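Visitor: Got a sequence here, can you build the structure:
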Amino acid sequence: MLELRLIKTATDAIAAKRLAREALWLRELGEVPSLEGQLPRLLEEGIDAQGRPFLTIGIQEASGETRAFTNDHARFLSSLGKARFRAAEFEVSGKCQWMHRALSELPEKSALLQEAYYDCETALLYWTGPYVLSQGDFAPWNIRRFGSQLFVFDWGDTHADASPLDDVLHYLMIQRRLKTVPLLRRAMTRAHDFARVAYPEWSWRPRVIGALTMVYLLGVILHRGARRADPVVDAYWKLLEKRTAWMPE
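Guide: Got it, this is the predicted structure:
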């Protein structure tokens, strides 16, 4: 299959950090047999003549994107999650610690976001589960198909110790303009099905699925700086306001 070369150049400090993170994960994941041929190959990393960091990556020529979350997507995320995996209680997980830190660093405090965080802690108290590697922006525009496999681009937001539902929920929710409660419930059902197949040894009662859905929504809001002018933040914020309508008892 034809491999194309793509050069990515950072134009500011934020882009440089994303490039460095992408290079880090491409190096590590390039050694995972179950992901072979499904993500870019890191070919070169350096500084160009203008002093800007750059990466050269090899990408497969693949067919168009699909909006449906298929068994191929589920299989890819299962392999990705197990590439960097640990079992932990929520309160000691990297995801929980990152959210706590991000909340404390917000320039304007929000009672809603703080309450949602405490609701996550309460619902996941004493629950031990898997925390996994997340691609960070698992969305149709970053994915192409070839045969029964996926090819996934853009690893600059990849992070470890994520909720195992983050990438599934992101794929199902981020591509829709209207983030309604019925849509969220359908996404939760699909994420529940994924979790039971990918991680069958863990308990996936409805309350856990609801709490991890709240973890996803809150995580996206905090990652985007909790700016209500951002349409995704605003939509997810409204879903948190309505959480009694979709959070299982």
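
Visitor: State the pLDDT value of the residue of the chain most remote from its centre.
Guide: Going by C-alpha atoms, centre = their mean, the residue of the chain most distant from its centre is Ala49, 34.0 Å out. For Ala49, the model assigns a pLDDT of 93.

Visitor: State the distance from the residue most central in space within the chain to Ala10.
Guide: Nearest to the geometric centre of the chain sits Gly136, at 3.5 Å (C-alpha atoms, centre = their mean). Counting by C-beta to C-beta, to the nearest Å, the gap from Gly136 to Ala10 is 17 Å. Any C-beta I mention is one placed from the backbone N, CA and C, and that applies to glycine too.

Visitor: now Asp167
Guide: From Asp167 to Ala10 the distance is 25 Å (C-beta to C-beta).

Visitor: higher neighbour count, the two?
Guide: Just comparing Asp167 and Ala10: by other C-beta atoms under 10 Å the higher neighbour count belongs to Asp167, 26 against 19.

Visitor: For the nearest residue to the more buried one once chain neighbours are set aside, which residues are in contact?
Guide: Computed as C-beta to C-beta, 6 or more residues apart in numbering, the closest residue to Asp167 that is not its neighbour in sequence is Phe138, at 4.0 Å. By C-beta atoms under 8 Å, 6 or more residues apart in numbering, the contact set of Phe138 is 77, 152, 167-168, 170-171.

Visitor: How about the secondary structure of the residue lying closest to Gln114 once chain neighbours are set aside?
Guide: Using C-beta to C-beta, 6+ apart and skipping the chain neighbours, the partner closest in space to Gln114 is Leu103 (6.3 Å). Following DSSP: H, G, I helix; E, B strand; the rest coil, the label given to Leu103 is helix.

Visitor: For burial, what's the neighbour tally of Gln50?
Guide: Neighbours around Gln50, by other C-beta under 10 Å: 8.

Visitor: what do you get for the one 3 residues further on?
Guide: Residues contacting Pro53 under the criterion other C-beta under 10 Å number 20.

Visitor: swap in Leu150?
Guide: With neighbours defined by other C-beta under 10 Å, the count for Leu150 comes to 24.

Visitor: Where does it sit, in terms of helix or strand?
Guide: In this assignment (DSSP states H and E), Leu150 forms part of strand 149-152.

Visitor: just checking, what packs against the next helix or strand after that strand?
Guide: Using DSSP H and E, the helix or strand that directly follows strand 149-152 along the chain is strand 159-162. For strand 159-162, the elements it packs on are helix 94-104, strand 128-134, judged by 3 or more C-beta pairs under 8 Å, 6 or more residues apart in numbering; DSSP states H and E.
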